[in-house]
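**Student:** return a 3D structure for these sequence lines:
(chains A, B, C and D)
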There are 4 protein chains.
Amino acid sequence: MTASAPETPARLPTRSARREVPRLDDDYTQAAARRRMAFLAETAGVTPEHIGRYSFDPAVVAGNIENFIGVAQVPVGIAGPLLVDGEHARGTFYVPLATTEGTLVASYNRGMKLLYEAGGVRTTVVADVMQRAPAFGFDSAREARAFGEWVTASFAAIKAEADATTRVGRLHDIEQFPASRFMFLRFNYTTGDAAGQNLTGKATQHACTWIRAHYAGIRDFYLEANLATDKKSSHINILRTRGKRVVAEAVIPERLARRIMRTTPGQMFRARQVSNLGGLLAGVNNNGNHSANGIAALFAATGQDIANVAESSAALVHTELLADGSYYYSITIPALIVATYGGGTGLPTQRECLELLGCYGPGRVRKFAEIVAATVLCGEISLGAAVVADEWVTAHERLGRNRP
Amino acid sequence: MTASAPETPARLPTRSARREVPRLDDDYTQAAARRRMAFLAETAGVTPEHIGRYSFDPAVVAGNIENFIGVAQVPVGIAGPLLVDGEHARGTFYVPLATTEGTLVASYNRGMKLLYEAGGVRTTVVADVMQRAPAFGFDSAREARAFGEWVTASFAAIKAEADATTRVGRLHDIEQFPASRFMFLRFNYTTGDAAGQNLTGKATQHACTWIRAHYAGIRDFYLEANLATDKKSSHINILRTRGKRVVAEAVIPERLARRIMRTTPGQMFRARQVSNLGGLLAGVNNNGNHSANGIAALFAATGQDIANVAESSAALVHTELLADGSYYYSITIPALIVATYGGGTGLPTQRECLELLGCYGPGRVRKFAEIVAATVLCGEISLGAAVVADEWVTAHERLGRNRP
Amino acid sequence: MTASAPETPARLPTRSARREVPRLDDDYTQAAARRRMAFLAETAGVTPEHIGRYSFDPAVVAGNIENFIGVAQVPVGIAGPLLVDGEHARGTFYVPLATTEGTLVASYNRGMKLLYEAGGVRTTVVADVMQRAPAFGFDSAREARAFGEWVTASFAAIKAEADATTRVGRLHDIEQFPASRFMFLRFNYTTGDAAGQNLTGKATQHACTWIRAHYAGIRDFYLEANLATDKKSSHINILRTRGKRVVAEAVIPERLARRIMRTTPGQMFRARQVSNLGGLLAGVNNNGNHSANGIAALFAATGQDIANVAESSAALVHTELLADGSYYYSITIPALIVATYGGGTGLPTQRECLELLGCYGPGRVRKFAEIVAATVLCGEISLGAAVVADEWVTAHERLGRNRP
Amino acid sequence: MTASAPETPARLPTRSARREVPRLDDDYTQAAARRRMAFLAETAGVTPEHIGRYSFDPAVVAGNIENFIGVAQVPVGIAGPLLVDGEHARGTFYVPLATTEGTLVASYNRGMKLLYEAGGVRTTVVADVMQRAPAFGFDSAREARAFGEWVTASFAAIKAEADATTRVGRLHDIEQFPASRFMFLRFNYTTGDAAGQNLTGKATQHACTWIRAHYAGIRDFYLEANLATDKKSSHINILRTRGKRVVAEAVIPERLARRIMRTTPGQMFRARQVSNLGGLLAGVNNNGNHSANGIAALFAATGQDIANVAESSAALVHTELLADGSYYYSITIPALIVATYGGGTGLPTQRECLELLGCYGPGRVRKFAEIVAATVLCGEISLGAAVVADEWVTAHERLGRNRP
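**Tutor:** Purely as a prediction, here's the structure:
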C-alpha cells in the first residue's frame, strides 16, 4: 500500500562544511580506528562501546575494509553433525552459522539430524566457472557479428593475454551474445580457490586492451554491462553457472520423516507441487524454501562476500516420491560464489570458521562448496516439513525474538 | 564448464556414533559456549582463539541464535558524510558498513562525496507492506473462485483475527491469485518498526485457523507456498513490494561528474543504455550495478537479517540526461526488508551501528530505509562512473586483496 | 551459432521513385483490390491467382484491413467431439482449427477423445479484465506518490470519465505501480463480448485527459509504457490477468490412459516433473506443452487477433496423481484475449466458425473462452502422452509435411 | 477481478453416443470435406457458406491439416514499399499482411514510408539455429555429470547419427544444462530453408536412440522437457537463439520524424526510457511495442506456423539519440521461426505471398527473415511515434472496428 507522507516533514538542516572521515598515514592501526571513533562521537554524538572490541591487530584488515573503526560481532552457532557424501567433503562436519535470526540454527540442525539418519547428503560440483562480460559496440549489427567471428578465430591470443595476468585464473571459453549493434562477450574462467571476481576483472580488462588494440571499428567498450550480473540474480547465471554449480541430494525413508519431522514424504511432496505452482506465479528465482538463510549464515561466518547472497540464493529444487515411499530431495545451486582463499577468508574469526570445516588453505574450495550445499539441503527439508506439519510459526514463537 | 570428478575420491569414513552438539540447561552462558568450543576441539581438532572473543554476556543472544559459541568479527568501516534529503532521514550521516571486500567502503565514500556536493540524495518510501501468502486447495477451480468471493466478503472478520495476535501488525488487504484448483492469498500487513516476517506469520496462521473453521471444502492448506517469497527474489515482490519500496534520487551537475568521477553524464548515460540492454539479455532482477554491496554491508552492521539480501537486492534504475547537461539518477528498491526493532537490531554492536545513524528505537524504520537507499544510490553512481572511466579494476588493484 | 555473411553481397539497387500502393476513393471494392493486384504484377512481377479468390464483398472488410487485395486461405479442420463441462459452454462441440501444421488437428482430436471418455473438461473463467496502463512522470518520487493518493481519492470521477466513452466497457479499479519518479496506473475494465483493447484505450485516454486537466505537476504522460503489455507476454499479466483467466481441468482414469494414450498417469506425471524442472531452467512463460498450437488455430479460425497468441500462450500447468491411480490435469491460461464481437469476428468464415461453436453474438465470450481452454487441455495431454510414449516423432512422420 | 458464477448454470446435457468426425478413405477431397460439412450441419445445426469456398484441390492440404472442411479467409492487405538494406533482402518490397485488425496495415505502411525516406532498414541475421532438447535422468547428479562428459567425447558419433536422418539438417553442437540428477542436452542444428522443428525432432530422436543403446545407466529419457520451449517464450531462447536471430536497424533524421511522425527523436527517446522502466516492472519478454502484430500478419499470409508467434514475438529494442539529433532505432528478434520450404509455405495463397516477396523456393529463408525484421521495425517506430504524438487512439477510431 502507499506509504503516505509524514505529518510534519522537518526542514533539511543548513549544511555546515562537509567533514570527511579522518584517515591517518598509518591507517590500519588502533590509533586510526580510535581517531575515527572520536570523530563519530563528535559528529553523531554516539560513543560505541562494543564496536571497538575486536581481538586482532587492525593491520590484518588492510585490503578488506577502508575507514576501519571496529567490528560487527555477529553471533555464531554450531549445527551438526552434518554428514556429507561428497567428492571433496566426506564425513561429518560441525557447521558454524553466523546469524541473528532465532530458530535458524535449530532448524538447520534438525535437518542435519534427519539426513544423518538417512545416510547423509550426496554433493556434486557439476560446473565451476567465474566470468566477466564486456560489451563492445559497433556501427551496426553486421560489424558486431564480424567482430564475433574474429574473437572466435583469435581465442588463443586472447587467452594468452588474459591468463598472463593471473597465477590461478585460466580463461576457459568466451561465449557470444549479440544484440543490436553490440556484441556481449562472456569470458568464462576457472579461478582456483578464489571466488575470482577481481582476478577475472583484471584478466578480462587486460585481454580487452589487447582486443581494442588489434581490432578496428570498436565504437564502445564497457568491461561490464550487466551480462555477468555480479551480485545480482539473473537467468543467465541460473542457466550457465556463476561460481560453483552444486547439487545436493538425499533420500529420506518414510519412517524417518514420520519420526523426526512428524510428516510423511507424501505430504511433503504434495506441498512441493503447490510451492512449484506458487513459485511459477510469483516469478521467483528459487522454487525451494529458504536457501538464503543457510548461505548467508555460512558466508558471514567464513568471510565470504555476503553481497553474493544475491545470486547465490537462486536454486532449483527437484524432488521425487519413490516407489518404496521414501523421498528423493535435491537442490541445485547454480551460482554459488565461494572462496577459501582471498577476500575475507583469512581474517581471524573467518579463518577459524573455515578451519572448523577443514576448508582453509589451497585446494579446498570445492569441499567448502559441497558443505554449503549439504547444509542448504538440510534447511530446505527442515522448513519444508515444518510448514507441512504446521509447526513453523510455533517454532519461531518458541525460539525467535517475536516481541512485536 | 563441467567440473570433472577428482582423481581419487576418498572412501566415506565409517560412521561412528552421531554426536550431538552439547547444550546446557542454562545455555546462553559463557560456560555453555566454552563447552561447545571444547566439543569442537575434540571433534574437529580445531581450537578457535578469536571466535570466543566477544564483548557481551551470552544471555543477550537468546532469541537470536542457538548453540552459540561466539562471534564472527566482521570489520566495520565508515563512509560519509552522506547527505540525505528524505522525509524521515534529514541531514548528514556517517554510515557504518560491515564487509570484507576491499574497495567497498572507499567506493561508497566516493559516491557520497559526489552526491553531497550535488545537494544530497532525495529519498522517499513509496510503499510499506509485509506479507504471508497461504495457499488453499479445493476440488476444482470453481470452488477456489467461490472461496475467493467468500474471503472478500469476510475480510473484516479475517482482519479481526489476524490483528488480534499482534501489537504492531495490521492487516491492510488480501490479494487473490487463483491458479488451477488453488487460491493463493497474499495477506499484506503494516508492521511498525519490525521487519515483520514472524508477526505476519503468526497473524496469518491465526486468521487461517479461523478461515478453516468457518469455510467448508478446503482440501489443502499451506501457510506458505512460494507466493510471498521470503528470502528469495521474485517478480511479484518487484511489482507489489515486500518490506519498504524506497526511491533514492539525485541530480549530478556535469562539472561535478567531471571533477570527482572523471567522466561525464553523457558517457555515464550511454553506458547505462548498454547495461539496460545487457540486463534484458541476462534476465537480471536489477538493471543497476551492485546494490547488494551496500545493502549487505549495512545489514551486517545493523543486525538486519542478511539472508534478506536475496530479495532486497532487486532494483530498478532509471536515469535521465537533463537539458542542462546534468544527470538525473534514481534507484527504486522494491523489496527492502529492514527493521529497527526486533531480530538482531538490539545486539550490542548492531544497536550501536543503528545509534550512529540515529535509527535505534521506535518510529525509526523508515528513516533507516531512507539511509539504506541513499547509501545504495551513492554506490551505484560510484561504480557506474568507475566502469565508464576505466578505473574499476585499478581501484580494486589498489585497495583490494587481489592476491590470486 | 553465428550466421556468417553471404559470399557476395549484392549492391543495394539504385532507388527509383517511391511508388505508393494505390488506393481508390471507394477503396473496399473488387476494383480497388484488382488495381492493387495489377500494381503488384507491375512492381513485383507476380500475378497471384488464389489470393484474389474470396467469397465476400470487400465492403465487409472495411475496419479490418487497409490496402485489401484478397485473402490468405488457411485450411480449417474439425476436431471433436469436445465435451465441455463449463459454466457457459456445456455439452459437445466440434471445434474448427485453422492451421497449416500437419498432425495438429489429429493430436487435439486424440486428446478430445480421451477426455470425452473421461467425462469431459471442466472449465472455469476465474477472472475477466482488460487494461490500459498509462505512465505519469513527475519532478520526484514524492510527487508521484502524492499523485497516486489523489488518484485513489478521485476514483469515482475518473471512472465516470472513462465509462462515458463506451457502451460496454466499465472501469473496475486502478492499480498503482510506482517506480522512480513515475506512477504507472493500470486501468482494469470489464469489456463485455469485445476483447477490449481499443475501447479501453479510448476510455483511458479520455480519463487521462481529465486527469491532466485536474492535476498540476504532471511532467510526462504516455498512454502506454509497457505495463499492460498488449501482444507481449509478461509476468504482470500472468499474475494479474489480461483478458480471461480460465482454468480447464480433467481427471483421467488409468485404464483410459493406457488404452488411448499407451502410457500411464504415473509415467505422464513423472515426465511432468522433469518438464517443470526444464521449464524453470529455461525461464519459460508456460510450463506446459504447446498451448499456442490450439490457441493460434482457434484464433485464426474465429477472427481473433492472432497477434494475441503472444500473451495468450502463457500458461500454468498443475497436475496431481490421485490415490486411485487416475490423473488430475489442469491448465490455467492467465491472459486469454478473446472476443465474440468486434474485430475480425464478424467476417464471413470467421463468423461461421464461431457459429459452429454457438459463440457468435452477444453474451457468448465466456462460453468461447471456455471452449478454447478445454481445447487447449486436450492438446496438452495428447502431446504430453506422445512424448512419454515415444510416439511424437512418429506421428509427425506419418501426418506432417516432413520433407526436409 | 473475480469473474463470478453465472446466475443459472445449465445442466450438462445427457451425453448421447460419441459421434466421431467422419473420414473417408480418400480424405483429401471435396467429397470428404462436404461430408464433414454435412455432419456439422447435423450436429451443430449450422451450414457454413463461406468456409467451403476455397480455390484449390483439397489434395494439396494433405500433410497440413486433418479433417479438412475448408478455409478461413483471412484478409490480406499490402504495405510498402519497404526498403531493405539486408544481406539477402535488398531493395524494395510490397509486404502482404494477413490480419483482421484495422489500422495494422496502415500503421506499418506509415513506418515503411518513414524508413524509406530515411534510407531503408539495415537487416542482419546474426545467428541461425534450431533445436531439440532431450532430458536424461540418472541415479544421481554425479552420474548425470559423467554422462555429460561422455556426450562431449562422443560428439562426432552422435552427430553422425543425427545428420543421417535428414538431408538439410546439420547438428552444430550440443549444449549441456545439468540440474538435479538430470542432464538436459540442447541439440543445435542448422536446418536450411525449413523451420526445422520436425527434422530436428527426428534427428535428435535417432541420435538419442543411439545414445541410449551405447550408454548404460540412463533411468529416464524424454525427447523434450521444456528446454527448447517450442511455441513458448523463454529466456533461454532470448539468450541462445531459436530459429533466426535477426537485427533490424535504421537511423531517422529529425526532420523526417517531425514531418511524417509529428514528433521528434528526443520525445520518442524519452518515451522509450519510460517504456524500458515499465517493461522491467512488468517482466515483459519484449521491451518494444508490438512486434507480434507484424509477425503474426506476415506468418498468416505466408504459411508460417502461427503458433510460433509465441516465441517469435520476444524482442530487444535498443535506441540511441545521436549527436546530430537523428535517432538510431534497432530491434533484435532472438527467436524468429520462419521457413520458405515445408509446412504451409507451399499452399496456394501462402506460396503466392512468398512469391510477392521473391521468397519462395530454396535458399530464401534468410531473405525472408530479413523482410520480417524490417517490417517489424517499421511497425515499432510507427506505433511508438503515435503514442508519443497522442495519435494512437485517434487512428484506431478512424480505421478500426471500434463499435463497442
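
**Student:** spit out the contact partners of the residue in the stretch 301-404 of chain A positioned nearest to chain B.
**Tutor:** Residue nearest to chain B within the stretch 301-404 of chain A (C-beta to the nearest C-beta): residue A:344, separated by 2.5 Å. Heads up, the C-betas are built off the backbone N, CA and C, glycines and all. The contact partners of residue A:344, by C-beta atoms under 8 Å, 6 or more residues apart in numbering or on different chains, come to A:64, A:303, A:304, A:305, A:350, B:74, B:99, B:100, B:101.

**Student:** in helices only, show me these.
**Tutor:** Among the contacts of residue A:344, DSSP state H puts residue A:350 in helices.

**Student:** now the contacts of residue A:344 in JSON lines, with distance to chain D?
**Tutor:** JSON lines is the format used below for the contacts of residue A:344 (distance: C-beta to the nearest C-beta, whole Å):
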{"residue": "A:64", "distance to chain D": "34"}
{"residue": "A:303", "distance to chain D": "28"}
{"residue": "A:304", "distance to chain D": "23"}
{"residue": "A:305", "distance to chain D": "25"}
{"residue": "A:350", "distance to chain D": "29"}
{"residue": "B:74", "distance to chain D": "33"}
{"residue": "B:99", "distance to chain D": "28"}
{"residue": "B:100", "distance to chain D": "31"}
{"residue": "B:101", "distance to chain D": "27"}
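
**Student:** just put the contacts of residue A:344 in CSV and tack on pLDDT, distance to residue D:21 and neighbour count.
**Tutor:** Listed next are the contacts of residue A:344 as CSV, based on pLDDT from 0 to 100; distance: C-beta to C-beta, whole Å; neighbours: other C-beta atoms under 10 Å in any protein chain shown:
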residue, pLDDT, distance to residue D:21, neighbour count
A:64, 97, 74, 27
A:303, 98, 70, 28
A:304, 98, 64, 29
A:305, 97, 64, 27
A:350, 98, 72, 29
B:74, 98, 72, 31
B:99, 98, 69, 29
B:100, 97, 70, 28
B:101, 96, 68, 30
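
**Student:** please enumerate the strands of the stretch 51-200 of chain A.
**Tutor:** Assigned by DSSP state E, counting those that start in this stretch, the stretch 51-200 of chain A shows strands spanning A:68-85, A:90-98, A:121-132, A:135-137, A:170-179, A:182-190.

**Student:** let's have these in CSV, adding distance to residue B:68.
**Tutor:** Formatted as CSV, the strands of the stretch 51-200 of chain A follow (distance: least, C-beta to C-beta, whole Å):
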stretch, distance to residue B:68
strand A:68-85, 5
strand A:90-98, 10
strand A:121-132, 25
strand A:135-137, 48
strand A:170-179, 42
strand A:182-190, 38
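
**Student:** distance to chain B for those - can I get that in JSON lines?
**Tutor:** What follows is these, written out as JSON lines (distance: least, C-beta to the nearest C-beta, whole Å):
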{"stretch": "strand A:68-85", "distance to chain B": "4"}
{"stretch": "strand A:90-98", "distance to chain B": "4"}
{"stretch": "strand A:121-132", "distance to chain B": "4"}
{"stretch": "strand A:135-137", "distance to chain B": "5"}
{"stretch": "strand A:170-179", "distance to chain B": "5"}
{"stretch": "strand A:182-190", "distance to chain B": "6"}
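
**Student:** now for those, which one comes closest to chain C?
**Tutor:** That would be strand A:170-179 among the strands of the stretch 51-200 of chain A, by C-beta to the nearest C-beta, at 7.1 Å.

**Student:** what strands line up against that closest one, and which way round?
**Tutor:** Strand A:170-179 sits in its sheet next to strand A:182-190 (antiparallel), going by DSSP bridges.

**Student:** what angle sits between the partner strand and strand A:121-132?
**Tutor:** Using axes from the mean of the first three to the mean of the last three C-alpha atoms, to 10 degrees, the direction of strand A:182-190 lies 130 degrees away from that of strand A:121-132.

**Student:** strand A:182-190 - what's its average pLDDT?
**Tutor:** In this model, strand A:182-190 carries a mean pLDDT of 98.

**Student:** mind listing the helices for chain A?
**Tutor:** Going by DSSP H, chain A shows helices at A:30-44, A:104-117, A:141-153, A:155-163, A:197-214, A:235-240, A:254-261, A:265-282, A:291-302, A:309-312, A:348-356, A:365-388, A:392-399.

**Student:** does chain B have contacts with stretch A:37-56?
**Tutor:** Yes - using C-beta under 8 Å from any C-beta of the partner chain, we find that stretch A:37-56 touches chain B at A:39-40, A:43-44, A:46, A:48-51, A:53-56.

**Student:** please list the residues of chain A that sit near chain C.
**Tutor:** A:2-5, A:142, A:145-146, A:148-149, A:152, A:176, A:178, A:235, A:238-239, A:270, A:273, A:276-277, A:280-283, A:287, A:316, A:318, A:320.

**Student:** give me the buried entries from the residues you listed.
**Tutor:** A:2-3, A:142, A:145-146, A:148, A:176, A:178, A:235, A:238-239, A:270, A:273, A:276-277, A:280-283, A:287, A:316, A:318, A:320 (16 or more other C-beta atoms under 10 Å in any protein chain shown).

**Student:** with that, I have no additional questions.
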